[in-house]
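In: have a look at this prediction, sequence included:
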Amino acid sequence: MLHAKGLIAVVDDDDDIRLALTMLLTNEGYQVLEADGPRELASILARQKPELVLLDMNFSRDTTSGDEGLEILAQLIQQNVRTVLMTAWGKIELAVKGMQQGACDFIEKPWNNQKLIALVESHVNAASPLTNDAPSRSLANKDNWIAESSAMQQLEDMIQQVADTQASILILGENGTGKSMLAQRLHQLSSRANAPFVSVNMGAVPKNLFESELFGHKKGAFTDARESRQGRFELAQNGTLFLDEIGVLPNDVQPKLLRVLESGEYEQVGSSQTHLANVRIISATNANLESMVNEGTFRRDLMFRLNTFILHLPPLRDRREDIIPLSQYMIDSFAHKYNKISPQLSTSAREMLCSYNWPGNVRELSHVIERAVILCRDETINDTQITLPQSDTTTTEDHGNLRPLDDIELEMIIKALEKYQGHISKAASALGISRNALYRRMEKHQLDKGDYNID
C-alpha cells in the first residue's frame with residue numbers, strides 16, 4: 001500500500017497507548033501498523049519496512065529493565081530501520097543507552113502531541129533517500145552526495161579541509177538544500193564519527209523549553225518537570241551537536257550557548273552543578289544572521305563563535321549539472337522502496353527537470369521523483385509523469401525579461417515564509433493577505449506545510 005507521509009509501526013503492549021498513537025498519527029496523514037510485542041513486530045517486518053518504529057522498552061509483566069526493548073532495537077538497527085524509543089519518566093538513562101546503541105531519538109511518556117508529531121516528521125523525513133543518516137552505510141558512501149557541478153566541487157574541497165577540525169561550522173542555505181545531510185557528512189568525516197550525532201530542530205522547540213532541550217533539567221525545576229532529563233549537549237558528549245534553524249534561538253538563551261562555546265561549561269535548569277561539554281557544534285540557518293545582529297535579535301559574539309567556518313550550500317538552480325545524477329539516485333532509491341524495477345529518464349523528462357528553477361531545491365526534486373516513480377508503469381519515466389508548476393517549467397529567458405505572475409508569487413511567498421521562520425500569520429501580514437489566502441496559495445504552488453514552522 002502506498003502512503004503519502006510514511007509508514008510507522010507502533011510497538012507497545014498497552015492497548016490504550018497504541019490506540020492513542022494510531023489516532024494521532026493517522027490524523028497527521030501517516031499509515032500506522034500496531035504491534036503488541038516482538039512477535040507481531042517481526043510479522044510486520046517480514047511483510048514491509050516502515051520508515052519509523054516507535055518502540056516501547058518493556059513487554060513482560062513487572063519488567064522495567066528495558067532489556068527487551070534493547071534486544072528489539074538491535075534487530076531493527078541490523079535491518080536499517082530507524083527507531084524512536086518510548087520511555088517512561090525516570091528512564092532517561094535507558095533511552096540514552098538506546099541512542100548510544102543506534103536509536104535515532106526518544107520520546108517520554110506521557111508525551112506532548114505537538115512535540116511527538118514534530119519528532120516523527122523530522123525522522124520520517126530523515127529516512128528519505130536524500131537525508132538518511134545511517135552513518136556507516138550511506139554517509140560514508142558518496143553515491144548520495146552528488147558533487148558534479150563546479151559549485152558543489154568547490155564545497156566538497158572545503159568540506160575535506162574542515163571536517164576533521166574541531167572548529168564550529170555554520171551552514172548557510174535555502175530551505176530544502178540538504179543542510180542536515182551536509183552536517184551529518186561533516187560528522188562522518190571527522191574523528192568523532194563513532195560518537196553520537198545529535199540533531200536539534202530549533203524551529204520545533206517551544207520558546208519556553210529551549211534551555212531545557214539544550215542543557216537538560218532537574219526534577220521540579222519548573223511546573224512540568226516531574227523527572228530529571230538530560231539535554232542534547234549531554235546526549236552528544238564526545239560527538240557532534242547539530243543546531244538547525246539557529247536563527248530562532250531566543251535572546252535569553254543566546255548567552256548560555258555562547259558560554260558553552262567559549263568554556264564548555266553549562267548547568268541544567270534547576271541545578272547549580274556545572275557540567276563540562278566535549279561537543280563539536282555545527283549549526284545551520286536560512287536566515288541572514290548579519291542582518292539579525294544589526295537588528296539586535298542575534299548576538300554578534302555568538303555569531304562569530306558559530307561561524308569559524310561558513311559553508312554555503314548552493315540552491316539546486318545553481319548546480320544544474322547535479323540535477324540528473326541526483327534524480328537517478330533518487331529513482332533507484334524510490335524504486336527499491338516501492339519494490340519496482342528502476343526506470344530511466346526519457347530525454348523529454350531530463351529536459352523538463354533541467355529547465356525548472358526548483359524553488360524548493362533538493363527536497364522538491366525528491367517529492368517530484370518519488371511521484372514519478374510511483375506513476376511509472378514501464379522502464380522509462382517520461383515528461384507526463386513529471387509534475388511541475390506550469391509557470392516555472394521553462395527558464396525566464398524564453399519570455400525575455402518578463403516573468404510569469406505565478407512565478408513571482410511563489411518567490412514572494414517563499415521569501416516571506418523564510419523571513420518569518422514559517423510563521424503563517426506574520427508572513428501573510430507582510431504579503432498583505434489573510435492566513436487562509438496564504439494557505440490556499442501554498443497548496444496551489446505545492447508547498448508542503450510540513451517544511452515550515454507553521455504557527
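Out: Yep, it's here.

In: burial measure for residue 7, as a count.
Out: For residue 7, the number of neighbouring residues by other CB atoms under 10 Å comes to 19. C-beta here means a position set from N, CA and C on the backbone, and glycine is covered the same way.

In: isn't it right up against residue 30?
Out: Yes: at 7.3 Å, residue 7 and residue 30 qualify as touching, with contact defined as CB atoms under 8 Å.

In: residues in a beta bridge with residue 345, which ones?
Out: Note on residue 345: beta-bridge partners by DSSP bridges are residue 381.

In: need the contact list for it.
Out: The contact partners of residue 345, by CB atoms under 8 Å, 6 or more residues apart in numbering, come to 324, 327, 328, 331, 353, 380, 381.

In: narrow those to those that are buried.
Out: With burial judged by 16 or more other CB atoms under 10 Å, the buried subset of these is 324, 327, 328, 331, 353, 381.

In: mind checking which of those land in strands?
Out: The members of the buried ones among the contacts of residue 345 that map onto strands under DSSP state E are residue 381.

In: just the closest of the buried ones among the contacts of residue 345 to residue 54, please.
Out: Nearest to residue 54, judged by CB to CB, of the buried ones among the contacts of residue 345 is residue 331 at 29.7 Å.

In: what residues are up against that closest one?
Out: Contacts of residue 331 (CB under 8 Å, 6+ apart): 342, 343, 344, 345, 369, 372, 373, 381.

In: mind redoing it with 10 Å?
Out: Shown in contact with residue 331 (CB atoms under 10 Å, 6 or more residues apart in numbering): 129, 340, 342, 343, 344, 345, 369, 370, 372, 373, 376, 381.

In: what is the neighbour count of the fourth one?
Out: The one in question is residue 343. Neighbour count of residue 343, defined by other CB under 10 Å: 22.

In: worst-scoring helix or strand of this structure, pLDDT-wise?
Out: helix 92-100 (a mean of 68; mean pLDDT, DSSP states H and E).

In: from the contact counts, what lies against the helix or strand that that helix is followed by?
Out: Note on helix 92-100: by DSSP states H and E, the next helix or strand toward the C-terminus is strand 105-109. Here strand 105-109 touches strand 52-56, strand 83-88, helix 92-100, helix 113-126, going by 3 or more CB pairs under 10 Å, 6 or more residues apart in numbering; DSSP states H and E.

In: redo these as CSV? Include distance to residue 234.
Out: Compiled in CSV, those are given as follows (distance: least, CB to CB, whole Å):
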stretch, distance to residue 234
strand 52-56, 22
strand 83-88, 15
helix 92-100, 8
helix 113-126, 18
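
In: worst average pLDDT in those?
Out: By mean pLDDT, the lowest-scoring of the helices and strands packed on strand 105-109 turns out to be helix 92-100, with a mean of 68.

In: one step back: pick the most buried one from the helices and strands packed on strand 105-109.
Out: Of all these, strand 52-56 carries the top mean neighbour count, a mean of 26, counting by mean count of other CB atoms under 10 Å.

In: domain-wise, how is the chain divided?
Out: As assigned by automatic domain parsing, the chain contains the domains 7-126, 163-312, 318-396, 405-451.

In: can you list the weak-confidence ranges in the chain?
Out: Residue ranges of the chain with pLDDT under 70: 1-4, 60-65, 89-93, 95-96, 99-100, 126-144, 220-223, 225, 390-405, 448-455.

In: which residue is nearest the centroid of it?
Out: residue 122 (4.3 Å; CA atoms, centre = their mean).

In: surely that one meets residue 107?
Out: No: assessed by CB atoms under 10 Å, residue 122 is found out of contact with residue 107, at 11.8 Å.

In: list residues touching both of residue 7 and residue 30?
Out: Counting by CB under 10 Å, 6+ apart, the residues touching both residue 7 and residue 30 are 50, 51, 52, 124.
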